[in-house]
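J.: give me a 3D structure for the following:
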Amino acid sequence: MSPFSSHGPRGGFALVTAWLVLMAALFATAAPARARTSSPITTRTASVNVPPGVTAGIAVYDRRTGTFTEQSNAHTQFRSASVVKLLIALEHLWDRGPGYGLPSDDRARLDSMLRSSDDSAADFYWTEDGGSAIIDRMIPRLGLTDTAGPPADYPGYWGYTALSAADTVRIYRWILDSAPAALRDIVMGDLRASTRCGVDGFDQRFGIPASFQQPWAVKQGWSGFGGESSDCADTTASAAGRRVTTAPGAGVDLARPALHTTGTVGAGDRSIVAVFTLHPQGTPFGAAYSALDTLVRSLNVPGAVPRSGSWYGTWGSHVQVRADTTTSSQALTRLPAGVDALIGCQKQGEEVTDGQYTNDWWAYLPLYGGYITNIYIDFPDNELPDVPVC
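T.: Numbers count the residues shown, from 1 in each chain. Presented below is the predicted three-dimensional model:
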């Protein structure tokens, strides 16, 4: 099968009629020509880069110096999406000391909620442990000032809990500096084992994991992208992802698509990073993913090691990432539509044709551990000028 399923302009010219007939039988028809970038995406700016149309709340705390290196709208309330699963997990573990042990099935559920953002696990704990009372109990325990349970009109929507970047830093500081060691090890161990794909099929490698080399530990959040297809699997709307166009009495925006990245970065969890973002209505997941990555790469995060490589835009949907530079090699996953991709190196492989264009160069994507044909990279030439040969 092809490394792709949607089409558009790209690459050098090689029109072969017989080949086009064959490819037309295998793939969708080519899309109209569209504008493409002509240079790699900048990886670092002199100041925080909040893309146009994005509303962001940002806090970066250096645990070594006890100071914030970044703060912007740090106390602004956002709907938490799955970031609230931190509070749900802490509440569930709270009175289980000193060992904080759980029955095996319950531990598996908790692990899935924190590692793979399992909404069904959050639903279970939300019902089992008292719904909004979970938030009410955790606020004074952790000294939170900007946090509130879901609006009264949405009592079962745990993802509509109000949370700020500043309060998220407080949550991580409590876990790292005040929590009993056994509790801390459970929560941080799960966050360090964050899976690339969430249970609902959405890619979790945006923001912190996309921007920095390990070590890191993350709890991500997304909401409002509904049932659009992601790179990991086709999805349907979940409790955290339901889109609401009106929210009577709500204190936070429940309508715009939300994408959040939170966690720790660097040896010894040196920096705590919390970035909450809202995007214009109708923003695709891949575009929000790329906008958040652009913002995070511009932050001053002590102890963080930026990922090496060159960032380029991509186009097309369901672009396959392959184990090698052939369309017959194993399909590892697929890219979120239109996402920016970090390219480590490139090499020549199988010649691939899309419409009237042909290219035999393939790009290696270290975040995915595989290759995509350069056809789907937003650059006018077959070979990328600043990317080394593998």
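
J.: can you give me the helices in the stretch 201-350 of the chain?
T.: Assigned by DSSP state H, counting those that start in this stretch, the helices in the stretch 201-350 of the chain fall at 208-211, 285-297.

J.: check which helices and strands the longest one sits against.
T.: It stands for helix 285-297. helix 208-211, strand 258-265, strand 271-278, strand 310-313, strand 340-343 (3 or more C-beta pairs under 8 Å, 6 or more residues apart in numbering; DSSP states H and E). (Each C-beta comes from the backbone N, C-alpha and C, glycine too.)

J.: ok, now with 7 Å
T.: helix 208-211, strand 258-265, strand 271-278 (3 or more C-beta pairs under 7 Å, 6 or more residues apart in numbering; DSSP states H and E).

J.: check the offset of the second one from the chain's centre.
T.: Centre-to-centre, strand 258-265 and its host chain are 8 Å apart (C-alpha atoms, centre = their mean, to the nearest Å).

J.: partners of it in the sheet?
T.: strand 216-223 (antiparallel), strand 271-278 (antiparallel) (DSSP bridges).

J.: ok, the residue nearest to residue 51 when sequence neighbours are not counted - how many residues close by?
T.: Closest residue to residue 51 in three dimensions, ignoring its sequence neighbours and counting by C-beta to C-beta, 6 or more residues apart in numbering: residue 291, at 4.3 Å. Other residues within reach of residue 291, judged by other C-beta atoms under 10 Å, total 24.

J.: if I read this right, residue 291 contacts residue 53, doesn't it?
T.: No: look at residue 291 against residue 53 with C-beta atoms under 7 Å: they stay out of range, at 8.3 Å.

J.: list residues touching both of the two?
T.: residue 279 (C-beta atoms under 7 Å, 6 or more residues apart in numbering).

J.: per-residue pLDDT, the residue nearest the centre of the chain?
T.: A centroid search over the chain (C-alpha atoms, centre = their mean) returns residue 206, at 2.9 Å, as the residue closest to the centre. Model confidence at residue 206, given as pLDDT, is 97.

J.: please look at it and residue 294 and confirm they touch.
T.: No: with contact defined as C-beta under 7 Å, residue 206 does not reach residue 294; the gap is 10.7 Å.

J.: quick check: residue 122 is in a helix.
T.: Yes: remark: residue 122 belongs to a helix, assigned using DSSP: H, G, I helix; E, B strand; the rest coil.

J.: ok, now which ones touch it?
T.: For residue 122, the set of contacting residues under the criterion of C-beta under 7 Å, 6+ apart consists of 85, 88, 113, 158.

J.: of all the strands paired with strand 258-265, which one is nearest residue 48?
T.: Ranking the strands paired with strand 258-265 by their distance to residue 48 (criterion: C-beta to C-beta) puts strand 271-278 first, at 9.8 Å.

J.: which stretches in the stretch 101-250 of the chain count as strands?
T.: Here the stretch 101-250 of the chain has its strands, by DSSP state E, counting those that start in this stretch, at 162-163, 216-223.

J.: what's the last one in contact with?
T.: Strand 216-223 is contacted by residues 79-83, 85-86, 114, 117, 159, 188, 191-192, 194, 202, 204, 206-209, 240-241, 258-265, 269 when judged by C-beta under 7 Å, 6+ apart.
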